[in-house]
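**Q** Requesting a structural model of the entry that follows:
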Amino acid sequence: MESAPEPKRVTSALPTRAHLDMAFGGGEVTRTKRLHSAVGRQLFDYVSEKPSVAPVVSKGSILIVDHDRLSREILARNLQREGYVVEFEENGVHALVRLGEGKFDLALWEVQLPSLSGLDMLNCARQDAVLQHIPIVLLSEAKDAELVIRCVEAGADDYLPRPFNPALLKARIRASMERKSLRDQEQQLLARIKAYQERISSELADATTYLTSLLPQPLHEPFVADWRFIPSSELGGDCFGYHWIDEDHFALYLLDVCGHGVGAALLSVTALNVLRSQALNGVDFRNPSEVLGAANQAFPMERQNNRYFTLWYGVYQRSTGKLTYASGGHPPALLFEPGAANAKKLVARGMMVGAMPNSRYTSQSCEIPSGSRLFVFCDGVYEITLPDGRTYTLDEFTGLLGKLPVDVPVDLDAIIAQIRHLRGSNELEDDLSLIAIQF
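**A** All right, here's what the predicted structure looks like:
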């Protein structure tokens with residue numbers, strides 16, 4: 001007699017439709033009639049749904065962290081049908097490591113995971129620079145409103161009770177993925193902005209280096225000349241210089257373009273190059289009023305994007321010890337004669353350069369006794385807002401210079417430190433330019 005064949009062993013990871021027929025009987029099996037538990041209904045839906053024959057385009061990668069194998073498979077089946085690439089992990093610590101690799105767009109995490117609870121995992125993830133932007137959706141069978149609140153407060157993007165509703169699961173995963181996509185786009189945009197800002201900062205630093213290279217070197221004979229330049233932004237509108245026109249005449253000048261930034265810096269550098277190269281045709285650069293008149297014609301504000309500048313220009317004649325100077329809307333230079341606590345204000349009337357086409361400028365002159373100190377500066381050294389809201393004045397700045405010791409060289413750094421102290425901040429409101437000459 002032939003022996004009955006041994007029954008085939010089921011090696012499939014999950015039950016098939018045939019196994020459901022064996023369990024619930026043949027014929028038409030209706031879910032509501034045969035399956036009473038929520039898990040059973042999800043299991044029936046999982047094995048009875050026909051897979052789509054249409055190719056699926058990947059919508060993202062998801063890591064399912066769940067210690068229950070059947071639950072993982074049911075979640076995976078639902079998500080794979082939507083086009084997501086799914087991977088599994090049972091251990092919470094290992095899951096955090098894998099999330100840190102950056103290959104996953106979202107994590108589905110069981111709250112009651114034995115190795116690392118969902119709340120503990122959230123606390124770890126949200127403190128990590130790499131993990132804090134990965135959407136995390138928590139799954140739990142607990143119907144505890146307090147737990148849901150704690151999860152959201154800890155940084156969960158969403159929370160789903162189990163047994164889950166497949167339609168709700170897909171909708172919330174899709175919403176979380178969309179938020180992740182928007183976050184990624186935002187981070188990419190911020191990265192591009194940062195790279196652009198770094199490039200601009202580098203270019204501005206190069207421009208500042210070039211501008212500084214145009215400024216003169218300190219002098220030690222036949223008199224001492226030194227300066228300080230502190231722009232309020234990367235590029236300032238101040239420029240200055242000094243040079244010997246010939247063996248007997250020494251030119252000294254400082255200009256201040258209205259405004260700040262690249263536009264002001266370009267005009268200031270252009271004007272500075274004209275002055276130091278004496279590039280105004282037919283002009284005697286030993287005559288300050290003639291220099292300002294020619295500069296006013298060369299730089300009309302209509303051709304400089306409505307920018308004008310103030311200018312103080314002086315010429316010291318070594319053989320006579322006389323200083324001749326003119327000004328176009330610029331603060332007066334201050335002359336401290338030997339032993340004098342009060343300054344002479346070297347004032348010369350004249351409109352800002354470029355503001356009015358027919359402006360006239362007049363030269364003034366004075367004697368410079370040996371041992372005198374001359375300060376030429378922009379308005380940024382004294383037009384500062386004090387902590388009490390009051391504006392520092394030119395007379396107060398003049399008094400500050402008058403208190404400097406006369407038996408030692410001028411300490412420009414100490415003057416700058418005092419201005420910052422008065423301001424109550426290292427940040428200055430305007431460009432600061434200061435030249436000191438000790439005859």
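**Q** Show me where the stretch 301-439 of the chain has its strands.
**A** Remark: strands assigned in the stretch 301-439 of the chain by DSSP state E, counting those that start in this stretch are 309-317, 322-328, 333-336, 344-346, 364-367, 373-377, 432-438.
**Q** can I see the domain layout of this protein?
**A** Per automatic domain parsing, the structural domains of the chain span 51-186, 203-438.
**Q** And those, which one averages the lowest pLDDT?
**A** Of all the domains of the chain, mean pLDDT reaches its minimum on domain 51-186 (a mean of 83).
**Q** how far does it sit from the chain's center?
**A** Distance of domain 51-186 from the chain centroid (Cα atoms, centre = their mean, to the nearest Å) equals 34 Å.
**Q** contacting residues for residue 92?
**A** 65, 109, 113, 115-117, 120-121 (Cβ atoms under 8 Å, 6 or more residues apart in numbering). C-beta: built from backbone N, CA, C; applies to glycine.
**Q** Strands along the stretch 1-150 of the chain, start to end?
**A** According to DSSP E, counting those that start in this stretch, the strands that the stretch 1-150 of the chain contains are 60-65, 84-89, 106-110, 136-140.
**Q** Could you provide the ones you listed in JSON lines, with additional columns for distance to residue 183 and mean neighbour count?
**A** Putting the strands of the stretch 1-150 of the chain into JSON lines (distance: least, Cβ to Cβ, whole Å; neighbours: other Cβ atoms under 10 Å) gives the following:
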{"stretch": "strand 60-65", "distance to residue 183": "13", "mean neighbour count": "22"}
{"stretch": "strand 84-89", "distance to residue 183": "18", "mean neighbour count": "18"}
{"stretch": "strand 106-110", "distance to residue 183": "12", "mean neighbour count": "25"}
{"stretch": "strand 136-140", "distance to residue 183": "13", "mean neighbour count": "24"}
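**Q** Could I get the ones you listed in TSV, plus columns for distance to residue 407?
**A** Listed next are those as TSV, based on distance: least, Cβ to Cβ, whole Å:
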stretch	distance to residue 407
strand 60-65	77
strand 84-89	79
strand 106-110	75
strand 136-140	72
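**Q** Select, out of those strands, the one closest to residue 339.
**A** Nearest to residue 339, of all these, is strand 136-140, at 78.0 Å by Cβ to Cβ.
**Q** quick one, helices of the stretch 151-300 of the chain?
**A** Along the stretch 151-300 of the chain, the segments classed as helices by DSSP state H, counting those that start in this stretch run 166-214, 261-276, 288-298.
**Q** Can you add distance to residue 195 and give the domains of the chain back as CSV?
**A** Shown next, in CSV, are the domains of the chain (distance: least, Cβ to Cβ, whole Å):
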stretch, distance to residue 195
domain 51-186, 15
domain 203-438, 13
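**Q** just so I know, which of those domains lies nearest residue 194?
**A** domain 51-186 (12.4 Å).
**Q** Show me which of the contacts of residue 92 are buried.
**A** 65, 109, 113, 116-117, 121 (16 or more other Cβ atoms under 10 Å).
**Q** Of those, which is the nearest to residue 177?
**A** Among these, and counting by Cβ to Cβ, the member closest to residue 177 is residue 109, at 15.6 Å.
**Q** one step back: nearest to residue 104, out of the strands of the stretch 301-439 of the chain?
**A** Judging the strands of the stretch 301-439 of the chain by Cβ to Cβ, what sits closest to residue 104 is strand 432-438, at 53.5 Å.
**Q** To residue 278, which of the strands of the stretch 1-150 of the chain lies closest?
**A** Nearest to residue 278, of these and by Cβ to Cβ, is strand 60-65 at 68.6 Å.
**Q** The closest one pairs with which strands?
**A** Using DSSP bridges, the strands paired with strand 60-65 are strand 84-89 (parallel), strand 106-110 (parallel).
**Q** May I see the ones you listed organised as CSV, with distance to residue 212 added?
**A** CSV is the format used below for the strands paired with strand 60-65 (distance: least, Cβ to Cβ, whole Å):
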stretch, distance to residue 212
strand 84-89, 56
strand 106-110, 52
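**Q** For stretch 128-139, list the C-alpha coordinates in PDB.
**A** Taking Å, rounded to 0.1, in the frame of the first residue of the first chain, the C-alpha atoms of stretch 128-139 are listed here in PDB:
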ATOM      1  CA  ASP A 128      22.200  65.300  16.900                       C
ATOM      2  CA  ALA A 129      23.000  67.700  14.100                       C
ATOM      3  CA  VAL A 130      22.600  65.000  11.400                       C
ATOM      4  CA  LEU A 131      19.500  63.300  12.800                       C
ATOM      5  CA  GLN A 132      17.500  66.300  14.000                       C
ATOM      6  CA  HIS A 133      16.000  66.900  10.500                       C
ATOM      7  CA  ILE A 134      14.900  63.300   9.800                       C
ATOM      8  CA  PRO A 135      11.100  62.900  10.100                       C
ATOM      9  CA  ILE A 136      10.200  60.400  12.800                       C
ATOM     10  CA  VAL A 137       6.700  58.900  13.100                       C
ATOM     11  CA  LEU A 138       6.000  56.900  16.200                       C
ATOM     12  CA  LEU A 139       3.800  53.800  16.300                       C
END
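**Q** ok, which stretches of the stretch 1-150 of the chain are helices?
**A** 17-24, 31-34, 38-48, 69-81, 92-99, 118-126, 145-154.
**Q** check contacts around residue 264.
**A** 235-237, 257-258, 307.
**Q** how close does it get to residue 207?
**A** Noted for residue 264: a distance of 12 Å to residue 207, by Cβ to Cβ, to the nearest Å.
**Q** Residue 291 now?
**A** 26 Å.
**Q** ok, now which ones touch the closest residue to residue 349 other than its chain neighbours?
**A** Distances taken as Cβ to Cβ, 6 or more residues apart in numbering put residue 362 closest to residue 349, at 6.7 Å, once the chain neighbours are dropped. Each residue near residue 362 by Cβ under 8 Å, 6+ apart is listed here: 289, 326, 348-350.
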